[in-house]
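[1] Predicted coordinates and the sequence they were generated for:
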Amino acid sequence: MRVGFYINPQTPSPEDDGRIIDEVLGQVDLAEQIGFDDVWVTEHAFTGYNAYSDPLMLATAISQRNRKLRIGFSVAVVPYHHPIRFVTQCNLLDRLSGGRLVIGIGAGNSPDEFRGYGLPVNERHAMMDEFLAICEQAWTQENFRYEGKYWSGEVRGRVIPSPVQRPHPQLAWGTTTMETIVRAGRLGWSLLIGPQHESIVAPRLQAYARAMDEAGLDEATKARAWLNTGQLRQIYCAAPGEDWRDTIGPYIETYIRKSALANSGIDDLPKEDLEKRKEGYLKNWLIAGTADELIERLTPAARMGIAHLMCWFTFGHMPDWQVRQSMLRFAADVVPVLAATKPEPGLVDRIVAEGAQAEAWRPR
């Protein structure tokens, strides 16, 4: 298993934006120095859930200062972009990075973000389908027209520059729906997985692998898809003896409030709702503890064959020094174990079978 540094830092005020962006760039430098393989940028706007908002701009800056890291979007929200402009920018970024780009895409879901861009959130999936069809034209054709509900135009010539990776940089899909997972597998795209338990992830991986096999993809395409298939995990690696529930407790609550605003539009989270969300967050989302505790929580994903772990260290206004110490402990004590953990043949199928058996015996 490889590890990547995922960037989605919250910001408390306009006066803090610049400081946080500078700190994040320094953390990316540290990630490269201590052996991380990738850096992943995301896209959120308006609510303070993200300090930089524009993944393409930040990724371009990273491409010029960090020459070893592979750069991925997890994810770019495609309804916020014009497809021809998006292809142009991605091609240029692929050139500037020497072919290190992975284009992760998603439909988005934040009501406030869609409202801010003047877009209909309930039409995001239709927008995404049209967007991808136009991108395919832009990556494979010259002198073409595109006609749709959301975008129409004519390209006389070609999209310039061409990318290093042909016909386009590796594509990845951030999704939870089985239909889209199967579609990603058939296309040879990578899969970006959320922080779910292995009993939920296993059926998705099984369907994804079967879709690639049924599509008759060659081994090189399948290997490239698996190489960039990753799972996101929010992580805090505590020092021995540290009571992390106390030391990062304020940052956990800040993150939960910011997340509720960004994803649900809830500006004032009642205490009862906060506690309920916190319970689910600590159970399913955050992985915190000593290095040994993190190894116990994370090795099942490596054994299932997930090739890449996207590590989210910077959250909830946590100070830079604390983020760095967590990263250093993780790199020293956890990463070597994950790197040495080999996929266990047949494990995904066994987990799926056990889940089906448990469901069959569940009282109705």
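    Nice, thanks for sending it over.

[2] Tell me the secondary structure at Asp349.
    helix (DSSP: H, G, I helix; E, B strand; the rest coil).

[3] Just give me the neighbour total for the spatially closest residue to Val121 that is not a sequence neighbour.
    Using Cβ to Cβ, 6 or more residues apart in numbering and skipping the chain neighbours, the partner closest in space to Val121 is Phe114 (3.9 Å). C-beta here means a position set from N, CA and C on the backbone, and glycine is covered the same way. Neighbourhood size, Phe114 [other Cβ atoms under 10 Å]: 20.

[4] Name the secondary structure element that contains Phe114.
    helix 111-116 (DSSP states H and E).

[5] Against which helices or strands is that helix packed?
    If contacts are counted by 3 or more Cβ pairs under 8 Å, 6 or more residues apart in numbering; DSSP states H and E, helix 111-116 sits against helix 249-264.

[6] Can you check what angle separates the helix or strand following the helix it packs on from helix 249-264?
    In the C-terminal direction, the helix or strand that comes right after helix 249-264 (DSSP H and E) is helix 271-280. Going by axes from the mean of the first three to the mean of the last three Cα atoms, to 10 degrees, helix 271-280 is angled at 100 degrees with respect to helix 249-264.

[7] send the alpha carbons of helix 271-280 over as CSV?
    Extracted in CSV, the C-alpha atoms of helix 271-280 (Å, rounded to 0.1, in the frame of the first residue of the first chain):
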residue,chain,number,x,y,z
LYS,A,271,-25.7,20.3,20.8
GLU,A,272,-27.7,17.1,20.5
ASP,A,273,-27.1,16.9,16.8
LEU,A,274,-23.4,17.7,17.3
GLU,A,275,-23.1,14.8,19.8
LYS,A,276,-24.8,12.4,17.4
ARG,A,277,-22.6,13.4,14.5
LYS,A,278,-19.6,13.2,16.7
GLU,A,279,-20.4,9.6,17.7
GLY,A,280,-20.7,8.6,14.1
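
[8] what element comes up after that helix heading to the C-terminus?
    With elements assigned by DSSP H and E, the helix or strand that comes after helix 271-280 is strand 286-289.

[9] In contact with the closest residue to Arg186 other than its chain neighbours, which residues?
    Closest residue to Arg186 apart from its sequence neighbours, by Cβ to Cβ, 6+ apart: Ala215 at 4.2 Å. Contact analysis of Ala215 by Cβ atoms under 8 Å, 6 or more residues apart in numbering lists 185-188.

[10] among the residues you listed, which are in helices?
    185-187 (DSSP state H).

[11] For the stretch 1-150 of the chain, just list every one of the strands.
    Secondary structure of the stretch 1-150 of the chain (DSSP state E, counting those that start in this stretch): strands at 2-7, 38-41, 70-73, 76-77, 101-106, 144-146.

[12] So for Leu132, which of the ones you listed sits nearest?
    Leu132 lies closest, by Cβ to Cβ, to one member of the strands of the stretch 1-150 of the chain: strand 101-106, at 7.7 Å.

[13] Quickly note the distance from the residue most central in space within the chain to Ser264.
    With distances taken as Cα atoms, centre = their mean, Ser74 lies nearest the centre of the chain, 3.1 Å away. Here the distance between Ser74 and Ser264 works out to 20 Å (Cβ to Cβ, to the nearest Å).

[14] so the host helix or strand of Glu179 versus strand 101-106, what angle?
    With secondary structure defined by DSSP H and E, Glu179 is part of helix 178-187. Following the same axes, to 10 degrees, one obtains 150 degrees for the angle between helix 178-187 and strand 101-106.

[15] following helix 178-187, which helix or strand shows up next?
    Next element after helix 178-187 (DSSP H and E): strand 190-193.

[16] Dump the C-alpha coordinates for that following strand into CSV.
    C-alpha atoms of strand 190-193 as CSV (Å, rounded to 0.1, in the frame of the first residue of the first chain):
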residue,chain,number,x,y,z
SER,A,190,-9.5,4.3,-10.9
LEU,A,191,-11.9,4.3,-7.9
LEU,A,192,-11.8,6.8,-5.0
ILE,A,193,-13.4,5.3,-1.9
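
[17] Would you confirm that the residue nearest to the centre of the chain contacts Phe5?
    No - counting by Cβ atoms under 8 Å, Ser74 does not reach Phe5; the two are 11.1 Å apart.

[18] got the phi/psi numbers for Ser35?
    Residue 35: Gly, not Ser. Note on Gly35: backbone dihedrals following degrees, to the nearest 10 are phi 100, psi 10.

[19] Just give me the neighbour total for it.
    So Gly35, with other Cβ under 10 Å, has 14 neighbours.

[20] Next: the one 4 residues further on.
    Residues lying near Val39 (other Cβ under 10 Å) number 27.

[21] now the one 5 residues further on
    With neighbours defined by other Cβ under 10 Å, the count for His44 comes to 23.

[22] which other residues reach the longest strand along the chain?
    In the chain, with assignment by DSSP state E, the single longest strand is strand 230-237. Contacts with strand 230-237, where a contact means Cβ under 8 Å, 6+ apart, come from 4, 6, 38, 40, 74, 190, 192-195, 201, 244, 248, 285-291, 294, 298, 301, 306-313, 315, 326-327, 329-330, 333-334.

[23] Buried ones among the residues you listed?
    Using 16 or more other Cβ atoms under 10 Å as the burial test, the contacts of strand 230-237 include 4, 6, 38, 40, 74, 190, 192-193, 195, 201, 244, 248, 285-291, 294, 298, 301, 306-313, 315, 326-327, 329-330, 334 as buried.

[24] Appreciated, that's everything.
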